[in-house]
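> Got a sequence here, can you build the structure:
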Amino acid sequence: MGEGRPPYAPDDLLKLYLYGYWNRVRTSRKLEAECRRNLEMMWLLGQLVFDHKTIADFRRENAQAFKAACAQFVQFLRGAQLVGGEAPVVAVDGSKFKASASQASLVSAEQAAKQRARIEQRVAQYLEQMDEADEQEATEGEPDRAHIAAALEQLRRRDERLQQAQAQLAVQAEAAKGKEHTPRVGLTDPDCVMLRASGTTGIAGYNVQQAVDAKHKLIVAHEVTTERNDHASLEPMASAAQQALGAESMMVLADTGYMNGAQAQACEDRNITPVVPMPEVVNPGADNLYAKTQFVYDKLTDTYRCPAGELLSRYKRDQKGKTDYYGTHACTGCAMKLKCTEGKRRSIARSWYAEAAERAHQRAHDRSFMRLRSATAEHPFGNLKAMMPGGLLLRTLPKVKGEIALTVLTYNLKRTLSILGFEQLMQKLQVMIAPSWA
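Numbers count the residues shown, from 1 in each chain. The predicted model follows:
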């Protein structure tokens, strides 16, 4: 017996994908066609032709390898002094990427129950049709049992998916208590979530985070999450960037969506200086009342002074929420009460990390930081989405992480070529891959 065809070299398949994503050709069948017709691709691969299944399997099965290759290229960028340095500045941002699933494929507990009820009705109808067919078999010939059996099997599989979704939703419902969003589970991609995206009513997708070095707008760290906002992403992304750059200290720039005192404090603890503006303070349903910013905090006495001149003392400490609450009994007879509160007395909440948040906000008063953030962080996302028309192709979080890593690697390579030019890039790459004994 023959030994069969030897396996393809992984670097050839990686080159195939890098070329494809570079030129917005991403599906396995289109990449197979490029192997046969595109002269550039023929030269790049030495006239190797991969079938679409081999191409698809390589992307689906090598998510970790794509992430490792992406991280290794960042180290090349660091060695080439294109990122990092003595005082690196990194901009962190997030964007929503459409999943390979429709918005309708995300179901709530109520929708899952209704769909299962409809399936039960359809199954009953098909079974009734089979009974009627059995009665007519003698006079009209063999009934179309195969068609009915196929329809029943399809309904059974969908019912199984809905049943699994209900189990997941039961777990999510417990975790979502006190939160605004309604728990939903994807029938097509079980890991994607409903996300708010600008210009849409919402998408089934993933939240992609990135940390971009301000020197040349190169991505030094990225992550894919199912978080619906960026509130808890500042420190994880800043820390990942710090590690990738090997920086003892650095500055991180972010927009208001990242403002979180605990995150700002965690950054400072790692010698990372956060620059994050606070969002505008709004009194929900009480636009005519005094805002929290009109109450002045005194650190020495641990009190607030209200617009009427009264002192608000701490009356409650929430250990779980890391928050202190301040109030005064003077509200009862205060002439300014109608401008201050609709309740019995005004209460002010102060996070234990309020000072770290205020420091981050004060730094953001320098508008040049925010202009730099916008110019640094938004450029890569525009390019990533241009490489991925129509959104993600793979499903489930681990595979999506691999697809995003492949796209980030392509962006960084393309950006580096633009910065260095072909000759200089090749020289630096050859130095990096040369054996240490050469």
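> which residues of the stretch 1-150 of the chain fall in helices?
10-22, 28-37, 39-45, 52-61, 63-79, 109-140, 145-175 (DSSP state H, counting those that start in this stretch).
> so the fourth one versus helix 28-37, what angle?
Angle between the axes of helix 52-61 and helix 28-37 is 130 degrees (criterion: axes from the mean of the first three to the mean of the last three Cα atoms, to 10 degrees).
> what comes into contact with helix 52-61?
By Cβ atoms under 8 Å, 6 or more residues apart in numbering, the residues outside helix 52-61 that reach it are 8, 10, 13, 16-17, 28-29, 31-32, 394, 399, 402-403, 406. C-beta coordinates here come from the backbone N, C-alpha and C atoms, glycine included.
> Pull out the buried positions in it.
Ile55, Ala56, Phe58, Arg59, Arg60 (16 or more other Cβ atoms under 10 Å).
> Helix 63-79 and that helix, what's the angle between them?
Helix 52-61 and helix 63-79 are oriented at 70 degrees to each other (the same axes, to 10 degrees).
> Taking their axis directions, helix 52-61 and helix 10-22 sit at what angle?
Using the same axes, to 10 degrees, helix 52-61 lies at 90 degrees relative to helix 10-22.
> from the chain's centre, how far out does helix 52-61 sit?
24 Å (Cα atoms, centre = their mean, to the nearest Å).
> The shortest one too?
Between the mean C-alpha location of helix 39-45 and the chain-wide mean there is a distance of 34 Å, by Cα atoms, centre = their mean.
> Which strands and helices lie in contact with that helix?
Secondary-structure packing of helix 39-45 (3 or more Cβ pairs under 8 Å, 6 or more residues apart in numbering; DSSP states H and E): helix 10-22, helix 28-37.
> ok, and what's touching it?
Counting by Cβ under 8 Å, 6+ apart, Asp12, Lys15, Leu16, Tyr19, Glu34, Cys35 sit against helix 39-45.
> Give me the neighbour count for the residue nearest to Met250 when sequence neighbours are not counted.
Leaving aside its chain neighbours, Met250 sits nearest to Pro88 (4.6 Å; criterion: Cβ to Cβ, 6 or more residues apart in numbering). For Pro88, the tally of surrounding residues (other Cβ atoms under 10 Å) stands at 22.
> The chain should start at 40 in everything you say after this.
Sure, I'll start counting at 40 from here, so that last one is Pro127.
> shouldn't Pro127 be in contact with Met290?
Yes: counting by Cβ atoms under 8 Å, Pro127 touches Met290, with 7.5 Å between them.
> circling back: mean neighbour count, mean pLDDT and distance to Arg267 added to the helices and strands packed on helix 78-84, as CSV?
Shown next, in CSV, are the helices and strands packed on helix 78-84 (neighbours: other Cβ atoms under 10 Å; pLDDT from 0 to 100; distance: least, Cβ to Cβ, whole Å):
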stretch, mean neighbour count, mean pLDDT, distance to Arg267
helix 49-61, 18, 96, 27
helix 67-76, 16, 96, 31
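> what's the closest of the ones you listed to Lys467?
With Cβ to Cβ as the measure, helix 49-61 is the member of the helices and strands packed on helix 78-84 nearest Lys467 (17.2 Å).
> Summarise which helices and strands the closest one is packed against.
So helix 49-61, by 3+ Cβ pairs under 8 Å, 6+ apart, packs with helix 67-76, helix 78-84, helix 91-100, helix 436-459.
> Save those helices as JSON lines, and put in distance to Phe112 too.
Putting those into JSON lines (distance: least, Cβ to Cβ, whole Å) gives the following:
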{"stretch": "helix 67-76", "distance to Phe112": "21"}
{"stretch": "helix 78-84", "distance to Phe112": "18"}
{"stretch": "helix 91-100", "distance to Phe112": "18"}
{"stretch": "helix 436-459", "distance to Phe112": "6"}
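> between those helices, which gets nearest to Glu319?
Among these, helix 436-459 sits nearest to Glu319 (Cβ to Cβ), with 31.7 Å.
> Low-confidence regions, this protein specifically.
The chain contains residues with pLDDT under 70 at 40-45, 172-183, 214-219, 238-239, 320-326, 473-477.
> Tell me which residue is most central in it.
Asn246 (1.8 Å; Cα atoms, centre = their mean).
> Just give the number of residues close to Tyr450.
25.
> now Met465
Met465 has 12 neighbours, counted by other Cβ under 10 Å.
> Please identify the helix or strand for Arg353.
strand 350-357 (DSSP states H and E).
> Run me through the strand neighbours of that strand, direction for each.
strand 342-344 (antiparallel), strand 362-366 (antiparallel) (DSSP bridges).
> looking at the ones you listed, which is closest to Ala151?
Here strand 362-366 is closest among the strands paired with strand 350-357 (Cβ to Cβ), at 36.0 Å.
> what's next to that closest one, contact-wise?
So strand 362-366 is contacted by 342-343, 351-357, 384-391 (Cβ under 8 Å, 6+ apart).
> which residues sit against stretch 192-203?
Val146, Ala151, Gln154, Arg155, Ile158, Arg161, Val162, Tyr165, Leu226, Pro229.
> got JSON lines for these, with distance to Tyr336 and neighbour count too?
As requested, these are exported to JSON lines (distance: Cβ to Cβ, whole Å; neighbours: other Cβ atoms under 10 Å):
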{"residue": "Val146", "distance to Tyr336": "46", "neighbour count": "21"}
{"residue": "Ala151", "distance to Tyr336": "48", "neighbour count": "22"}
{"residue": "Gln154", "distance to Tyr336": "52", "neighbour count": "17"}
{"residue": "Arg155", "distance to Tyr336": "54", "neighbour count": "16"}
{"residue": "Ile158", "distance to Tyr336": "58", "neighbour count": "16"}
{"residue": "Arg161", "distance to Tyr336": "63", "neighbour count": "16"}
{"residue": "Val162", "distance to Tyr336": "64", "neighbour count": "15"}
{"residue": "Tyr165", "distance to Tyr336": "69", "neighbour count": "16"}
{"residue": "Leu226", "distance to Tyr336": "50", "neighbour count": "18"}
{"residue": "Pro229", "distance to Tyr336": "46", "neighbour count": "17"}
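> Which single one of those is nearest to Ala119?
Closest to Ala119, out of all of those and judged by Cβ to Cβ, is Pro229, at 40.6 Å.
> Right, I'll leave it there.
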